[in-house]
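Visitor: Please find the sequence and the predicted model below.
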Amino acid sequence: MNLKLILKNLKKIILMVAGTASEKLGIKIGTEQELMMNISEMIIDTYMLESALLKTEKLTSKEGAIKNQERISMCIIFLHSTIDKFQKNGKEAIYALLEGDEQKILLLGLKRFTKVKPDNLKEHRRSIAKKLIEENLYCF
C-alpha cells in the first residue's frame, strides 16, 4: 500500500470538490455551511492522517518496523476510517453541488481516488489490544 500516493489522492479529491464548489457557487460558497463543513472535515482528516503517517514513518526509520508494528497497525486502521469519512463527505458535497453527468463523473473520481487495499482490521486491532494488555498501560 503506497501511503504517499493515497495522501496525494486525498488532496486531489479536496481540490476537486472545493474547486467545483467555488466554480458553481462563486461568492455564495460562504453561505453553504453544510458544504463548507464537508470540505473542512476532508481537509482536517487529511492533515491528521498525514501527521500520523509521518510520525510513524519517522519512528519506523529510527527504531525499525518490528518495534513499531502496533503503530503501523494504528495508521492502517486510521487510514481506512479516514477513507470511509472521505467517501461520505465527498458524496454529500458532490450530491449538493451537481446533477446528471457531471455528478457521475465526480463520483467516479471520488471512487477512483479512495481505493485502498483491503486489510483485516480486526487483526490490527487485536495486535494493538495485545500490546496494551501486555504493557498494562498506554504505551504509545
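Guide: Perfect, thanks for sending it.

Visitor: Find the residue at the geometric middle of the chain.
Guide: Nearest to the mean C-alpha position of the chain, by C-alpha atoms, centre = their mean, lies T82 at 3.3 Å.

Visitor: Off-centre distance for the strand or helix carrying it?
Guide: T82 belongs to helix 69-97 when assigned by DSSP states H and E. Relative to the chain's own centre, helix 69-97 is displaced by 4 Å; criterion: C-alpha atoms, centre = their mean, to the nearest Å.

Visitor: Can we start the residue count at 293 from this point?
Guide: Will do, 293 is the new start, and the previous item becomes helix 361-389.

Visitor: In it, which residues are buried?
Guide: Residues 362-372, 374-375, 378-379, 381-386, 389 are the ones in helix 361-389 that count as buried (16 or more other C-beta atoms under 10 Å). For glycine as for every other residue, the C-beta is placed from the backbone atoms N, C-alpha and C.

Visitor: Next secondary structure element downstream of it?
Guide: The helix or strand immediately downstream of helix 361-389 is helix 392-405, counting by DSSP H and E.

Visitor: And the contacts of that following helix?
Guide: With contacts defined as C-beta atoms under 8 Å, 6 or more residues apart in numbering, helix 392-405 is touched by 301-302, 304-305, 308-309, 312, 378-379, 382-383, 386-387, 389-390.

Visitor: can you do 7 Å?
Guide: 301, 304-305, 308, 312, 379, 382-383, 386, 390 (C-beta atoms under 7 Å, 6 or more residues apart in numbering).

Visitor: Repeat that for stretch 333-348.
Guide: The contact list for stretch 333-348 (C-beta under 7 Å, 6+ apart) reads 295, 299, 302-303, 305-306, 360, 363-364, 367, 370-371, 374, 377-378, 381-382.

Visitor: Now do the contacts for the residue nearest to the centre of the chain.
Guide: Neighbours of T374 in contact, by C-beta under 7 Å, 6+ apart: 337, 341.

Visitor: Mind pulling up the pLDDT for it?
Guide: Looking at T374, its pLDDT reads 95.

Visitor: Name the residues of the longest helix belonging to the chain that are buried.
Guide: Selection of the longest helix in the chain by residue count, based on DSSP state H, yields helix 325-355. By neighbour count on 16+ other C-beta under 10 Å, the buried set for helix 325-355 is 327, 330-331, 333-334, 337-338, 341-342, 344-345, 348-349, 351-352.
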